[in-house]
Structure formats: structure tokens, C-alpha cells
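**Q** coords please:
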Amino acid sequence: MSEFVPLNIVILAGGISHERDVSLRSGRRVADALSNEGHSVTVLDPGSNLLTILTEQAPDLIWPTLHGATGEDGALLSLLETTGIPFLGSRGAAAALAWNKATAKELVLRAGYSTPPAIALSTETFRDLGATSVLDHLVSAIGLPLVVKPAHGGSSQGVTIVRTPADLPRAMVHAYTYANTALVEAFVGGTEVTVAVIDTGAGPIALPIVEIVPVDGVFSFEARYNAGETDYYTPARLSEEVSAAVSSAAVAIHTLLDLRHLSRIDIIVDAAGTPWFLEANVLPGLTETSLVPQAIEADGRTLGATYSALATHAQETGRRSIAR
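**A** Numbering: from 1, shown residues only. Coordinates of the predicted model:
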């Protein structure tokens, strides 16, 4: 076993997205876990002086826990690449691809995996082509029920399951509240699961699958982050064969999208046991009710030891990358 080397780690948390509060909670939880393992940790809310502070402090590692566009659209991660400081998480270009749900779905589809058919519509297209005719066409082309959600973003914000034509206009408006483009996706019924994929040095592996059962049937933002509003089963109540297929697909998609260190792959398993890819999260939530911590603990790991291993691996690989 290699000797433990404490790291000077800066955690980025907060930002200005709709998911600011979730980000702050994630950052605090990660900071506490890493501090308890012996690392020196500073939590930093990014602002106009972020790059100056990082350059002056020159930490061993940056760990972004920023959710929403602030951290996941690839822009900030691309800037972090230019600092020469190792950071945990995917590179900017890979994050940008995963952030665009329509693009990620197309890449996954081309690789031979199932994903629900969908159409991405910007507010401009929706307006210019006539909202009424577009809505009628969507119902005819995709069928009901369908799912409307922002084409970018996470934490289930702006997501609506549409079961009648009358519900579609409000669902579109709701999605456009969070993004300029809405994704209108065919609804696939089945078991909703998520797979945390981690790489602490031996390559990406899938942690135990988390099954998600919202009390009111919809895994909304409130159901995700308020205790008692969702039941979770870890490992998921799937057969051994289906579980293996889901885990394999998650790791393959993580690799296909060129993600690093830590990701969460959201999937629906239909009645036939087929995994349907929904989206990839490059900076998944790490709060007290988040799914990745549940998977870590279900695997018999502790959060502190796992986060420490992730940090050490990210710092070592980042340092080697800079050296080249």
C-alpha cells in the first residue's frame, strides 16, 4: 500500500446557477470528508477573481462541485485546464458534449446503445414555426406520454411528464425557464436507476446501481433533495443479468463520452430488461441525499476514503499530464 500523502485541495462550490444551494451542500460534504482523511481543504465560491486566487494559492488539486451551467457546460473546466493545476473531473470538451443532452444521446445511439427518441427545440424555433403547430406535430410524431426537459442542466429541474396534449404548452414553458432549448423525449416506462462510475486508478468501474422510486411518481428537484420524498434501493431490484447489462452500459458510456474520475449515468430499464440511456452527469451531486454517496456506501466504502482516493488519482494523473 502506498504511503498517504496529504493534499492541499481547493473545492469550488456555489456559483450562480439554479443549483447554487445544491452545489454549496455538495462542496461542504466533500470538504468535511476530505478533511477527516487528513487533507488540507479550502472551499471557494467562484467569482471574478477565481483564476487569480487559484494561481496565487497553487493548490495540489482543484475539486469542482459546481452544478448547472456554472460548472458543467465545459467552459470553467476548460479554463482550469489552462491553469496547469490538476483538477478532478472531466476535461472541458468532454463536459460540453455531455452537458448537451441531445448531443450525448446521439453519440450514445451511434455507439449502439438505446436512448429514447427526442427532438431538441430552441425557443426561437418554437416561436418562429408557431407554437401551436409545433406542439401538435410533437404529439403526432413522438406520441404520448412524453417527457419535456431542459436540453442542459441537472437536478431534475424543469422536467415534466406530459400525458395529455393540454399539458404540453405548460411543460414547454417550464423547461424554457431553465434553458434556451427544450428536449422533447419519448417516455419509456420502467425502472429508473442511476449508476455512479468512479476511477481511482485502476480504470472506471460501476458502483452498485441505485433504484429511484419517487413517492409521488416523479423524481422532481424536491423529491431529489428533500428526505422522505423518494425511496431508494441500493442495489437496485434487478436481476443479476440485467444489473450486469446496466453496469456495463454505464461504464461504456462514461468511456465513450471521455469522462474522467467520477460521473453518474442515468438510465431507464424497460420491462424487457433493456437499459435506455437518459443523460450523463459530469459533476453529480454529493449532498446528504444525493445518489453517488449512496452508491459508495452500498459498495462497502466510506465517503472519506473514496473521495481521498479519487483526489489522489486526479492529482497524480493531472500532474503527469502537465509534465508531458
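**Q** make it CA atoms for all contacts and neighbour counts henceforth
**A** OK.
**Q** burial count for residue 166?
**A** Residue 166 has 10 neighbouring residues, counting by other C-alpha atoms under 10 Å.
**Q** how near is it to residue 159?
**A** Note on residue 166: its distance to residue 159, by C-alpha to C-alpha, to the nearest Å, is 16 Å.
**Q** cool, residue 313 as well?
**A** To residue 159, residue 313 is 35 Å away according to C-alpha to C-alpha.
**Q** looking at these two, which one has more neighbours?
**A** Neighbours per residue (other C-alpha under 10 Å) separate residue 313 from residue 159, with residue 159 holding more: 23 against 18.
**Q** quick one, phi psi at that one?
**A** phi -100, psi 130 (degrees, to the nearest 10).
**Q** and residue 269, by the same measure?
**A** Per degrees, to the nearest 10, the backbone of residue 269 is at phi -100, psi 120.
**Q** now swap in residue 17 and tell me
**A** Per-residue torsions, residue 17: phi -80, psi 180 (degrees, to the nearest 10).
**Q** and it, how many neighbours does it have?
**A** Neighbour count for residue 17, taken as other C-alpha under 10 Å: 17.
**Q** beyond the worst-scoring helix or strand of the chain on mean pLDDT, next helix or strand please.
**A** When the helices and strands of the chain are compared on mean pLDDT, DSSP states H and E, helix 221-225 comes out lowest with a mean of 50. Per DSSP states H and E, the first helix or strand lying C-terminal to helix 221-225 is strand 230-233.
**Q** what mean pLDDT does that following strand have?
**A** Across strand 230-233, the average pLDDT comes to 90.
**Q** then stretch 269-285?
**A** 96.
**Q** could you work out the end-to-end span of it for me?
**A** Per C-alpha to C-alpha, the first residue of stretch 269-285 is 22 Å away from its last.
**Q** list the buried ones in it?
**A** Counting neighbours by 16 or more other C-alpha atoms under 10 Å, one finds that the buried residues in stretch 269-285 are 269, 273-285.
**Q** ok, now stretch 233-241?
**A** In stretch 233-241, counting by 16+ other C-alpha under 10 Å, buried: 233, 234, 235, 236, 238.
**Q** run through who's touching it.
**A** 193, 208, 209, 210, 211, 212, 243, 294, 295, 298 (C-alpha atoms under 8 Å, 6 or more residues apart in numbering).
**Q** tell me which of the buried residues of stretch 233-241 is nearest to residue 76?
**A** Closest approach between the buried residues of stretch 233-241 and residue 76, by C-alpha to C-alpha: residue 234, at 32.9 Å.
**Q** for the closest one, give me the backbone phi and psi.
**A** Phi and psi for residue 234, reported as degrees, to the nearest 10, are phi -130, psi 110.
**Q** could you do the one 3 residues further on as well?
**A** According to degrees, to the nearest 10, the main-chain angles of residue 237 amount to phi -80, psi 70.
**Q** got JSON lines for the contacts of stretch 233-241, with distance to residue 304 too?
**A** Shown next, in JSON lines, are the contacts of stretch 233-241 (distance: C-alpha to C-alpha, whole Å):
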{"residue": "193", "distance to residue 304": "24"}
{"residue": "208", "distance to residue 304": "18"}
{"residue": "209", "distance to residue 304": "20"}
{"residue": "210", "distance to residue 304": "20"}
{"residue": "211", "distance to residue 304": "23"}
{"residue": "212", "distance to residue 304": "24"}
{"residue": "243", "distance to residue 304": "27"}
{"residue": "294", "distance to residue 304": "13"}
{"residue": "295", "distance to residue 304": "14"}
{"residue": "298", "distance to residue 304": "14"}
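**Q** now these in a markdown table, with pLDDT?
**A** Below are the contacts of stretch 233-241 laid out as a markdown table (pLDDT from 0 to 100):
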| residue | pLDDT |
| --- | --- |
| 193 | 97 |
| 208 | 98 |
| 209 | 98 |
| 210 | 98 |
| 211 | 97 |
| 212 | 94 |
| 243 | 98 |
| 294 | 96 |
| 295 | 98 |
| 298 | 97 |
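**Q** what about stretch 237-251, distance to the chain center?
**A** 19 Å (C-alpha atoms, centre = their mean, to the nearest Å).
**Q** helix/strand/coil for residue 81?
**A** Under DSSP: H, G, I helix; E, B strand; the rest coil, residue 81 falls in the helix class.
**Q** which residues touch it?
**A** 87, 91, 92.
**Q** now, which of these lie within helices?
**A** Taking DSSP state H, the ones among those that sit in helices are residue 92.
**Q** dump the contacts of residue 81 to a markdown table, plus pLDDT and distance to residue 30.
**A** Below are the contacts of residue 81 laid out as a markdown table (pLDDT from 0 to 100; distance: C-alpha to C-alpha, whole Å):
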| residue | pLDDT | distance to residue 30 |
| --- | --- | --- |
| 87 | 97 | 14 |
| 91 | 95 | 20 |
| 92 | 95 | 22 |
